[in-house]
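A.B. asks: Quick one, structure for this:
(one chain, ligands or ions: 1)
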Amino acid sequence: MADPRPSDLSDLSDLSDLSDRADPPDAFRDEVRGWLAANLTGEFAAARGLGGPGREHEGFELRRAWERRLGAAGWTCLGWPAAHGGRAASLEEQVVFHEEYIRADAPHRVGHIGEGLVGPTIIEFGTDEQRARFLPPIRRGDELWCQGYSEPNAGSDLAGVQTRAELTGGRWVVHGQKVWTSLAHVADWCFVLCRTEPGSRRHRGLSYLLVPMNQPGVAVRPIVQMTGGSEFNEVFFDGARTGGDNTLGAPGDGWRVAMATLGYERGAATLGQQIGFRRELDAVVAMARRTGAATDPVLRDRLVQSWIELEIMRVTALRTMTSPSAGEPGPAASIAKIYWSEWHRRLGELAMAAQGPAGLLTAAEPNEQNDAYEPNDLQRLYLFSRADTIYAGSSEIQRNIIAERVLGLPKEPRP
Ligand SMILES: Cc1cc2nc3c(=O)[nH]c(=O)nc-3n(C[C@H](O)[C@H](O)[C@H](O)COP(=O)(O)OP(=O)(O)OC[C@H]3O[C@@H](n4cnc5c(N)ncnc54)[C@H](O)[C@@H]3O)c2cc1C
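C.D. replies: Now for the predicted structure:
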C-alpha cells in the first residue's frame with residue numbers, strides 16, 4: 001500500500017488555509033479587523049505580540065495603556081449585558097473578536113481576570129451599588145483583579161480554605177495566605193474566598209470578599225517559574241481590611257459564588273484560543289523544516305496528528321457555540337479543558353523535538369547580572385504548557401467530574 005503520509009509538509013499548511021477559507025466573512029468581523037488595524041499603530045505598534053502565558057512581564061505598562069484604549073472604544077467586556085456597559089455580544093461575535101484579536105497579533109490582555117471572572121460574577125450576584133462601583137473601572141481598564149482561591153492546603157480541594165475573615169466595626173479583617181495568585185503583583189483588587197464562620201467546615205461558612213490590594217495588610221511575594229518569569233505569587237493577608245459591604249453574595253454563601261466564577265473561567269475566550277494554537281503549531285512546523293527534523297517519519301506523524309486534533313478542537317468549539325448550553329459550566333467544559341490542555345502540552349513536547357538537540361540550549365544562562373535562563377519562544381511554550389493541565393482545574397479533577405456526572409460512577413471516597 002502506498003505511504004499515505006504527505007510527501008511534503010507544505011501539504012499541511014495548504015490544509016490550514018482551507019479551514020481559514022471556511023470562515024464566512026461578516027460585518028462584525030470586518031469592524032473588529034478594521035478597528036484593530038487602525039489602532040495597533042503609533043505607540044501601540046510596538047505592543048503587537050507582547051504578553052501571554054509565560055510572557056506576562058512583556059511591555060506591561062504599554063499593555064495596560066492598550067487595555068484603556070480598548071475600553072474607551074467599547075472593545076472590552078463584549079459579552080456583558082448592555083445594561084452593565086457591555087455590548088451584549090453573542091457568543092459567536094465574542095469568538096470572532098478573539099479570533100481577529102489573535103490574528104492581528106494584538107497584545108495579550110491584562111484585564112482578563114476582571115472582565116472574564118469577577119465581572120460576570122458581580123453582574124450575577126452583586127448589589128446595584130457593587131455593580132456601580134466595580135464594573136465601570138473593569139470595563140475602562142482602570143482596575144485590575146486577581147483571584148484569591150488556592151492556598152497551600154487547598155488547591156484541587158478548594159473547600160479546605162483556611163484564610164479567615166472577621167467582621168469588626170462593620171469592616172472585614174482578613175488573615176491567611178493564598179498561593180499561585182496570578183498577576184497579584186499588578187492587581188488593584190483580589191476576590192478572596194475565606195472562612196467567615198469560625199468552626200465551619202468544608203463548603204459551609206465561606207464568604208466571597210472583594211479586597212483592595214494596595215494596603216498595609218497585604219504582602220505579595222513573587223514565585224519564580226521555570227520559564228524564569230514570575231507571573232504568580234504568594235499573597236499574605238495580615239489584618240487586611242475591606243468594607244463589610246464588599247461581600248459578594250450573602251456572608252456564608254461564598255462557595256456558591258466561587259463556583260459561579262469557576263464556570264465563567266471556561267467561557268468564550270477559550271473558544272477563540274485555537275487561532276493562537278494554530279500559530280504556535282505553524283511555528284513548530286517551520287522549526288521542524290528549518291532543523292531538518294521534519295524528515296523524521298515519526299515526528300511528521302506527530303505533527304500531522306497534532307494538526308488533526310486542532311481541527312477537531314475547532315469543529316467542537318463551533319458545535320459548542322451552537323448548543324443551547326453554550327458557555328455554561330458542566331461536563332462539556334471539563335471535556336474541552338482536558339482536550340485543549342493535554343493537546344497543548346503535547347505541542348510543547350513537539351516544539352522541543354522540532355528544535356533537535358539545539359533545543360536543550362538557551363540564549364543565556366543565569367549569571368551575576370541575570371538570575372534566569374532565557375528560553376526562546378518554543379522552549380517557553382514547552383515549559384509553560386506544563387501548567388495547562390493544572391490551572392483552572394487539573395486534568396485529574398476534570399476526569400473525576402466526567403466520571404461522576406457523565407458516566408454515573410460512584411463518587412470517589414473523600415476524607
Ligand atoms: C499557571 C497557574 C496559574 C494559577 N493561577 C491561580 C490564580 O490566579 N488563583 C488561584 O487561586 N489559583 C491559581 N492557580 C492554582 C491552581 O488552581 C491549582 O494549582 C490547582 O487547583 C491545583 O491545586 P494544587 O496546586 O494545590 O495541587 P493539588 O490539589 O495538591 O494536586 C496535586 C496533584 O494531585 C492531583 N489530585 C488532587 N486531588 C485529586 C483527586 N481528588 N483525584 C485525583 N487526583 C487528584 C492533582 O490533579 C495534581 O496532579 C494557578 C496555577 C497555575 C499552574
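A.B. asks: partners of the lengthiest strand in the chain in the sheet?
C.D. replies: Counting residues, the longest strand found in the chain (DSSP state E) is strand 232-243. Each strand paired with strand 232-243, and its direction, by DSSP bridges: strand 171-178 (antiparallel), strand 218-223 (antiparallel).
A.B. asks: Determine which stretch of those strands is the most buried.
C.D. replies: Among those, strand 171-178 has the highest mean neighbour count (mean count of other Cβ atoms under 10 Å), at a mean of 20. For the C-beta atoms, the positions are set from N, CA and C on the backbone; glycine is no exception.
A.B. asks: For that one, what is the distance to the chain centroid?
C.D. replies: Chain-centre distance of strand 171-178: 26 Å, with Cα atoms, centre = their mean, to the nearest Å.
A.B. asks: where does the stretch 101-250 of the chain come near the ligand, residue by residue?
C.D. replies: For the stretch 101-250 of the chain, the residues in contact with the ligand (Cβ under 6 Å from any ligand atom) are 146-150, 155-157, 180-182, 232.
A.B. asks: which among these gets closest to the ligand?
C.D. replies: Of all these, the ligand sits closest to residue 155, with 1.8 Å by Cβ to the nearest ligand atom.
A.B. asks: Find the nearest non-adjacent residue to that closest one, please.
C.D. replies: With sequence-adjacent residues excluded and distances taken as Cβ to Cβ, 6 or more residues apart in numbering, residue 155 is closest to residue 180, at 7.7 Å.
A.B. asks: contacting residues for that neighbour?
C.D. replies: 150, 155, 223, 232-233, 391 (Cβ atoms under 8 Å, 6 or more residues apart in numbering).
A.B. asks: out of the residues you listed, which are buried?
C.D. replies: Neighbour counting by 16 or more other Cβ atoms under 10 Å classes 150, 155, 232-233, 391 among the contacts of residue 180 as buried.
A.B. asks: Per-residue confidence at the nearest residue to residue 222 once chain neighbours are set aside, what does it come out as?
C.D. replies: Excluding its sequence neighbours, the residue lying closest to residue 222 (Cβ to Cβ, 6+ apart) is residue 230, at 3.7 Å. Looking at residue 230, its pLDDT is 89.
A.B. asks: Stretch 381-395: which residues count as buried?
C.D. replies: 381-385, 387-389, 391-395.
A.B. asks: any idea which of these is the one closest to residue 26?
C.D. replies: Among the buried residues of stretch 381-395, residue 392 lies closest to residue 26 (Cβ to Cβ), at 30.3 Å.
A.B. asks: excluding its backbone neighbours, what's nearest that closest one?
C.D. replies: Residue 392 sits nearest to residue 265 (Cβ to Cβ, 6+ apart), 5.3 Å away.
A.B. asks: I'd say the one you found and residue 115 touch.
C.D. replies: No - with contacts counted by Cβ atoms under 8 Å, residue 265 stays clear of residue 115, the gap being 11.9 Å.
A.B. asks: Settle it for me: which of these two has more neighbours?
C.D. replies: residue 115 (27 against 19; other Cβ atoms under 10 Å).
A.B. asks: list the contacts for that one?
C.D. replies: Residue 115 neighbours (Cβ under 8 Å, 6+ apart): 76-77, 109, 138-139.
A.B. asks: Tell me which two in those residues are the farthest apart.
C.D. replies: 109 and 139 (12.8 Å).
A.B. asks: Which residues of the stretch 301-415 of the chain lie near the ligand?
C.D. replies: Near the ligand, when you scan the stretch 301-415 of the chain using Cβ under 6 Å from any ligand atom, you find 387, 390-391, 394, 396-397, 400.
A.B. asks: now, which of those sits nearest residue 368?
C.D. replies: Looking across those and measuring by Cβ to Cβ, the closest to residue 368 is residue 387, at 29.1 Å.
A.B. asks: need the contact list for the residue nearest to residue 103 when sequence neighbours are not counted.
C.D. replies: Counting by Cβ to Cβ, 6+ apart, residue 275 is the residue found nearest to residue 103 once chain neighbours are left out, at 5.8 Å. By Cβ under 8 Å, 6+ apart, residue 275 lies in contact with 98-99, 102-103.
A.B. asks: cool, and residue 355?
C.D. replies: Taking Cβ under 8 Å, 6+ apart, we find residue 355 in contact with 287, 291, 293, 378-379.
A.B. asks: Narrow these to those in helices?
C.D. replies: Within the contacts of residue 355, residues falling in helices by DSSP state H are 287, 291, 378-379.
A.B. asks: Of those residues, which is the nearest to the ligand?
C.D. replies: Proximity of the ones in helices among the contacts of residue 355 to the ligand was ranked by Cβ to the nearest ligand atom; the top entry is residue 379 with 16.8 Å.
A.B. asks: The ones in helices among the contacts of residue 355: which two are farthest apart?
C.D. replies: Greatest spatial distance in the ones in helices among the contacts of residue 355: 291 and 379, 13.7 Å, computed using Cβ to Cβ.
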